[in-house]
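Asks: Whatever this is, show me its structure:
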Amino acid sequence: MAASNSVVHLVLIPICTATVTGRLVYGDTGLRATNISVQVSVITGGGNTNTDCQRRLRHPGIPLGQYNHPDIADIVVNVPGYNSVQQMLP
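Replies: Predicted coordinates:
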């Protein structure tokens, strides 16, 4: 029986990340919603971030999906006295 060899070519794809950014205001007054916890969830990870004194939110390091395709992000904000807000990003 002759020896047999196989050749396999593999392509390594680096893990890329995205940053979720936005601003948060109170719908009834239009005032800045500062220091509010915002939950960012994706299939491959996520976490919480707080809005800053300018009502901005920034959550870096969200891993992209398989083959670095955009993943669906689910953003949830809960503030006492206000309806819960949930937004899905494609």
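
Asks: Nearest residue to residue 76 in space, please, no chain neighbours.
Replies: Nearest in space to residue 76, with sequence neighbours left out and distances taken as CB to CB, 6 or more residues apart in numbering, is residue 39 at 4.5 Å. For glycine as for every other residue, the C-beta is placed from the backbone atoms N, C-alpha and C.

Asks: do the same with residue 35
Replies: residue 50 (5.5 Å).

Asks: my guess is residue 40 meets residue 58, correct?
Replies: No - Residue 40 is beyond contact range of residue 58, at 10.2 Å (criterion: CB atoms under 8 Å).

Asks: Which neighbours do these two have in common?
Replies: Common neighbours of residue 40 and residue 58, using CB atoms under 8 Å, 6 or more residues apart in numbering, are 20, 49.

Asks: between the two, which one's more packed in?
Replies: Higher neighbour count among residue 40 and residue 58: residue 40, with 19 against 13, using other CB atoms under 10 Å.

Asks: Let's see the strand or helix carrying the more buried one as CSV, backbone CA atoms only.
Replies: Here residue 40 sits within strand 37-42, counting by DSSP states H and E. What follows is strand 37-42, C-alpha atoms only, in CSV (Å, rounded to 0.1, in the frame of the first residue of the first chain):
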residue,chain,number,x,y,z
SER,A,37,-27.2,52.1,32.1
VAL,A,38,-27.6,50.8,28.6
GLN,A,39,-27.4,47.0,27.9
VAL,A,40,-25.9,45.9,24.6
SER,A,41,-26.4,42.3,23.7
VAL,A,42,-25.3,40.3,20.6
